[in-house]
Structure formats: C-alpha cells, structure tokens
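Undergrad: my questions are about this predicted structure, shown below with the sequence.
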2 protein chains.
Amino acid sequence: MLKVNLDSLDLNSLPTGQSSGYFYIDTIDEYFLPFFLLRGEKDGPTALVTAGLHPTEYTSIEAAYDLILNQPAVIRGTLAILPLINWKGFWQRSITYNPADNKNFNRVFPGDLKGSESQVIAQYISEKFTRHANVHLDLHSGNMVERLLPFCIFHKDNPKSSELADVFGLPYKLGTNLNGVTTTAATSYDCAGLIAEGGECGHVDRDHVEALSLGVRRVLSFLGMTSSVVEQQHYECPHEVELRSEIAKTDVLWYPKARTGQTLQKNETVGYTKEFFDKEAQPVLSMSNGVLLYMMDSILVKQGEPLYSLGEFPKI
Amino acid sequence: MLKVNLDSLDLNSLPTGQSSGYFYIDTIDEYFLPFFLLRGEKDGPTALVTAGLHPTEYTSIEAAYDLILNQPAVIRGTLAILPLINWKGFWQRSITYNPADNKNFNRVFPGDLKGSESQVIAQYISEKFTRHANVHLDLHSGNMVERLLPFCIFHKDNPKSSELADVFGLPYKLGTNLNGVTTTAATSYDCAGLIAEGGECGHVDRDHVEALSLGVRRVLSFLGMTSSVVEQQHYECPHEVELRSEIAKTDVLWYPKARTGQTLQKNETVGYTKEFFDKEAQPVLSMSNGVLLYMMDSILVKQGEPLYSLGEFPKI
C-alpha cells in the first residue's frame, strides 16, 4: 500500500479520482493513519469521515471501511475517509485510550503540536482535513463494555451541525459543547461536525454498520456531492433528547437490570451496585423520565465513568 | 475488611469456622488477594477454588464470589476460595494479562519467587494453598473477545483430575499437560487440578455463574466435605474431546460465520479473514469434524491467538 508523509498532503489540490493508503507523521514512531481520498469531477464541498478514535468501537471502524470498499459515487467535491485514527490502540486491543499516552482521542481535538502523541495526531487531522472540510462525520460505537441505542451528537451552538443529525437518520440526537470532542473542534474551524453512534459491546453488527454507512451517504447526498436516489429515501427526523448521566463516584461492581432502549420512569431501578464481599447490592434509581440510551455492560465501572445515560425528552 | 500477610498463613492449622479478607505480599506493591477460608468441624480434604487469573472472565469471578456469599455447608475439611488472582488486571480492565508484567497468570504456575510479579504471586499460591490441597478447581470464562461452550480441562496424565471433570458436570472435557497452567502445576504437587470454563464475552451470565458454582459444590460433595443432597443430583458424564485450534499466523481481521456449539464437518467455513483495504475475505475452513468449542469474537485476532478451537470426538 501507498505510504505518504502527511505533511505533503494538500486537500485542496487533489487530482480527480481516488487514492488510498497510509499516512505517516515524521515525528511519531510506528503510527499509521489509513486513508481514502476521492475527488469528484466537479468542484463542491469537502466531507471528512473519521472512525476508530476509540479502538474497540469495531462497528464504526467497519462502517468506515465499508464506505471505502463500496464507494459513494461522488461527482462533486472531495470525500476523505480516515477509518482508524487510534492505530496503536487497535492493534493492542486497548478498549478506549491511545496506549502511547493513555489519552482519549475524543477529548483532545483540535489537538496541539506541543502536546503528547494523541494531541499531535489530532492537530494534524484538524489542520490537514477539518480546516478544509464543510462537514466532519465522526463514527463511533459502543466499545467492549458499552451498550447503546444509535444516536447522533451535534454541536449545541451550531445549527448546521444539528441539521446534519436530522439528515444522518439515527433515531435520537443530542447536543453538546464539551471541549476536546470532534464536534466542538469542527465548529471552531467553521465546519459542521457530527458524531454518530451505532453498534455495541465491541461486536461488529452488520445492521449498525449499514446504518452508519447509510447515514454518511445521506449526508453526501444532502450536500449535493452524490446524486444517488437510494440515498435520498424518506426518513423520520430523530427525537431530540438531553443526555443525563449517572457517574460512578468510586470504582464499583455494577449489575445492570434495565436494557438500553427501555423507557424509564423517575426512580425505577436501572441496576445495582455493590463492592466485593457485600451480600446486598444497592439499587441505582433512574434520575428522571426518559429513554435508556447508554449503559455500561461490565461488572466493573471505574470512578468517573457513567453507569448509564438517559435521554430525557424536552419538557412540553 | 481483614488484611493479612500471606506469609503468616498456615492452611493446616486453621481454626474451625470461616474468615475472609485480603492477603497481601510484602514484596509486591498495591496487590491484594481476596480470600475466603472455611474449616469444617471434622478433619477432611482441602479444596482450593481460584478465579480471576484472567481479569475480564467476569462470569467465573462472579461464580467464586457467589460461592463465598452462599457458602457450601462444609462439615469436613477445608475450603479456600481465592476469587480474584489478577487483582491489578481487574481494576485496570486488562483483557487477559497482569498489567504489572504483561504475563498470563495461567502460563506461569507453579510460579517462581525469583521471577516477575505474576510468577511470585503464582509461587505463593502454589506453596501456601496447592501444596496442601487435594483438589484445585480453577474457574475461567470467555473474556471480552471469546465465545465458548462450557467445558473442563483436566491433566492428561492424572486420572483423579479427569474424574473431577466427570463430577463437575459441564458438557465437554479435554486433557492437557501444557506447562504453566494450573492443572499441570497441581499435578506436580500431587493435587488434582481442574479448569472449568463457562460464560463468554466478558458478560456476567447468571446461568453460567450457577453452572460453575454448582460444579464446585458437586466436587465438594464428591469429596465428602458436604452432605447436601442438592449437590448430589444426577448428571450426565461429559463428552471427552481433543482440542484442535487454528492459530493466527499474523495479526488479522476476523469475521466469524459459524457459532460456538455448532457441529462442523471438515472443510466447512468457520469464518473469514482479511486485511484492511482487502475487498475479498479469505474463508477459514474447519480442520476436522467436531464441535465448535471456542471462537474469537473480535474483529482483531493477533498473531499466535486461536481463531477457533474445535472439540474433535475420539475416533471409534
């Protein structure tokens, strides 16, 4: 496969047609960034698709490769796909972090050339791709210890980002302006960012692979980059929810009872926590009415991690 | 909870009754070994139960704690339960290894006081427990990336070990004399060792928790340590199989097709492998006739790991 120094890339001067291979970064050892670039015959928008910021979110990585192998028919503009950002984490089967610096890639964007490895990589991606992109679609899934319903995350203060969530077509959407995540960083580059989540537990689920890759195709069609009618089919707008998460105050043993997708009343039992040698487990009660969007599916939940996240419907 | 220096333990001079807490080892920082000890009113055999050599085999860890919380009524002899050997791996959510030295606990028994941390811990367990035990039941499960049918592993050249597999009551059994595993080490101490596997994918599955804890109760009853009739119920002897594993020659992407429990003919497709950017995946064909006992359920299989393991029935 083609190996290319990422410093040499100028996304605005690509020739028509496609290329794929691996970028490398001079200052980072043993790191490769797989890429696929496709420039249509006509000028048009630039769309960036990323996956694998979290290396065991396999459904999203598979969806990005699925898009590479079954290319959208881009006639206008440029499509860039980076299917596996956390290259080292993937090969070391690290559940969430980049083993090079133990950082979460989705907390370090837009990155920093003076920071540690994840920050440097994030800065390269931001400057080489996001800066020139109209949209940044960042694909995610439940990792080995996460269950979730499919949903999109948009940037709270960016109406274009919110609109992308409607176009993408997953059943729920929620806004955030958290620092370090790709949607917030994209907005700082005047790019509409969207995080799309589908699939869970580190499995590769074909239905969710297809839902994520279809969402990308819908956005490309919406942007006028493709003209496929398949991608213009009717879909329902997502339910907009507020995310409310119960965070573990200490490392704890966790026994889920409710299932993702279940609608919960306030004070219903979501699951139980205990410590080793405890005979009795303590119930964890739902903090509100809503739909259970996210759940840790691991006997161990670490301090600071969410036990569950509820999608609260807006008050009418 | 009680914290006890493991150097001070003499399993042969325990008082009647029970105790629980954490052992520590002077030379090892930040390591705790949870324990439960129960000595019956009458003299009798000593049974050691271990779990959590592999820290995301949660079903087996839960089964060991289940035995502690719902104690077998031991009237003769001594029951020692060590439910979480790989303490550091558990809290760091390490899939297989001890993060202190990146060793697999089930390849370092009986251990070595001059070795690295896992070897030192293994040697302590061997000298303080296995040396005085008549049986060592070592509970395992499928970790976050493994699917499996329940089966027992006994020591090939130890008829007492093989008999324990019949008593334990899981549907399959297979023999090994691999160095470093607990069953081989137990035999070197004139102790009958057994590895029991149940549960998969890092989930806590109640049915398999109960199958593992019931297996331990059956062995205790068989040894005359308890007199519960519940534990003497009828069960079928397991099918004895030879394990045949297909080992990945390089790091590879793996797409399973067959499911554990399925009976395969030689040359049936078990799954597909490919590399990134490959359009076509390569079929992996069953090497023999048999039952699919074990399967990697991860898109990434690393060099040296099994893609799948088949239980081959003996030639008649």
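TA: Happy to help now that I have it.
Undergrad: for the rest of this, base every contact and every neighbour count on C-alpha atoms.
TA: Will do.
Undergrad: what stretches of chain A score poorly on pLDDT?
TA: Filtered on pLDDT under 70, chain A yields the residue ranges A:229-236, A:316.
Undergrad: show me what from it comes close to chain B.
TA: With CA under 8 Å from any CA of the partner chain as the criterion, chain A meets chain B at residues A:58, A:65, A:68-69, A:90-91, A:93, A:144, A:202-204, A:276-277, A:279, A:297-300, A:302.
Undergrad: ok, and what's touching the helix or strand harbouring A:Leu139?
TA: Per DSSP states H and E: A:Leu139 is located in strand A:135-140. Strand A:135-140 has contacts (CA atoms under 8 Å, 6 or more residues apart in numbering or on different chains) with A:46-54, A:57, A:59-61, A:64, A:130, A:182-183, A:186, A:191-198, A:212, A:216.
Undergrad: now do A:Phe151 against A:Glu242, distance only.
TA: Separation of A:Phe151 from A:Glu242 (CA to CA, to the nearest Å) stands at 12 Å.
Undergrad: higher neighbour count, the two?
TA: A:Phe151 (26 against 16; other CA atoms under 10 Å in any protein chain shown).
Undergrad: quick check: closest non-adjacent residue to the more buried one.
TA: Spatial nearest neighbour of A:Phe151, excluding adjacent residues (CA to CA, 6 or more residues apart in numbering or on different chains): A:Tyr172 at 4.6 Å.
Undergrad: rewinding a little: which members of the contacts of strand A:135-140 occur in helices, if any?
TA: Counting by DSSP state H, the part of these found in helices is A:59-61, A:64, A:182-183, A:186, A:212, A:216.
Undergrad: any of the residues you listed buried? List them.
TA: A:59-61, A:64, A:182-183, A:186, A:212, A:216 (16 or more other CA atoms under 10 Å in any protein chain shown).
Undergrad: pull the most distant pair out of those.
TA: Spanning the widest gap among these are A:Thr59 and A:Ala186, at 23.0 Å by CA to CA.
Undergrad: show me what contacts whatever residue of the stretch 1-150 of chain A ends up closest to chain B?
TA: In the stretch 1-150 of chain A, the residue that lies nearest chain B is A:Leu69 (6.3 Å; CA to the nearest CA). Listed by CA under 8 Å, 6+ apart, the contact set of A:Leu69 reads B:277, B:279.
Undergrad: next one: A:Gly304
TA: A:247-250.
Undergrad: my guess is A:Phe154 contacts A:Asp166, does it?
TA: No. Look at A:Phe154 against A:Asp166 with CA atoms under 8 Å: they stay out of range, at 9.9 Å.
Undergrad: picking up where we left off before, closest one of the ones in helices among the contacts of strand A:135-140 to A:Pro283?
TA: A:Thr59 (31.7 Å).
Undergrad: which residue, other than its chain neighbours, is closest to the residue of the stretch 151-300 of chain A found nearest chain B?
TA: Of all residues in the stretch 151-300 of chain A, the one sitting closest to chain B is A:Lys279 (6.3 Å; CA to the nearest CA). Counting by CA to CA, 6+ apart, B:Leu69 is the residue found nearest to A:Lys279 once chain neighbours are left out, at 6.3 Å.
Undergrad: ok, now A:Glu30?
TA: A:Lys88 (8.0 Å).
Undergrad: separation between the one you found and B:Met225?
TA: From A:Lys88 to B:Met225 the distance is 51 Å (CA to CA).
Undergrad: those two - which one has more neighbours?
TA: Counted by other CA under 10 Å, A:Lys88 and B:Met225 do not tie: B:Met225 has more neighbours, with 26 against 19.
Undergrad: the domain parsing of chain A - what is it?
TA: According to automatic domain parsing, chain A comprises the domains A:2-239, A:241-312.
Undergrad: which of those domains sits most buried?
TA: domain A:2-239 (a mean of 21; mean count of other CA atoms under 10 Å in any protein chain shown).
Undergrad: part of a strand, is A:Leu174?
TA: Yes. Assessed by DSSP: H, G, I helix; E, B strand; the rest coil, A:Leu174 belongs to a strand.
Undergrad: in contact with the residue nearest to A:Phe151, which residues?
TA: A:150-152, A:238-241.
Undergrad: SS state for the nearest residue to A:Pro34 once chain neighbours are set aside?
TA: Nearest non-adjacent residue to A:Pro34, counting by CA to CA, 6+ apart: A:Tyr22, 4.3 Å away. Secondary structure assignment for A:Tyr22 (three-state DSSP): strand.
Undergrad: can you name the residues bridging to A:Tyr22?
TA: Beta bridges link A:Tyr22 to A:Lys3, A:Pro34, judged by DSSP bridges.
Undergrad: how near is it to B:Phe276?
TA: Taking CA to CA, one finds A:Tyr22 at 11 Å from B:Phe276.
Undergrad: with A:Ser19 instead?
TA: 15 Å.
Undergrad: which residues touch stretch A:83-93?
TA: Counting by CA under 8 Å, 6+ apart, residues outside stretch A:83-93 touching it are A:30-35, A:49-56, A:61-62, A:64-65, A:95-100, A:105, B:300, B:302.
Undergrad: from the chain's centre, how far out does it sit?
TA: 14 Å (CA atoms, centre = their mean, to the nearest Å).
Undergrad: CA atoms only: put that stretch into PDB for me.
TA: The C-alpha trace of stretch A:83-93 is given here as PDB (Å, rounded to 0.1, in the frame of the first residue of the first chain):
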ATOM      1  CA  PRO A  83     -11.200   4.800   9.200                       C
ATOM      2  CA  LEU A  84      -8.800   4.100  12.100                       C
ATOM      3  CA  ILE A  85      -7.400   7.100  14.000                       C
ATOM      4  CA  ASN A  86      -6.300   5.200  17.100                       C
ATOM      5  CA  TRP A  87      -4.000   2.900  15.100                       C
ATOM      6  CA  LYS A  88      -1.900   1.800  18.100                       C
ATOM      7  CA  GLY A  89      -4.900   1.200  20.300                       C
ATOM      8  CA  PHE A  90      -6.500  -1.000  17.700                       C
ATOM      9  CA  TRP A  91      -3.500  -3.400  17.400                       C
ATOM     10  CA  GLN A  92      -3.000  -3.500  21.100                       C
ATOM     11  CA  ARG A  93      -6.700  -4.100  21.700                       C
END
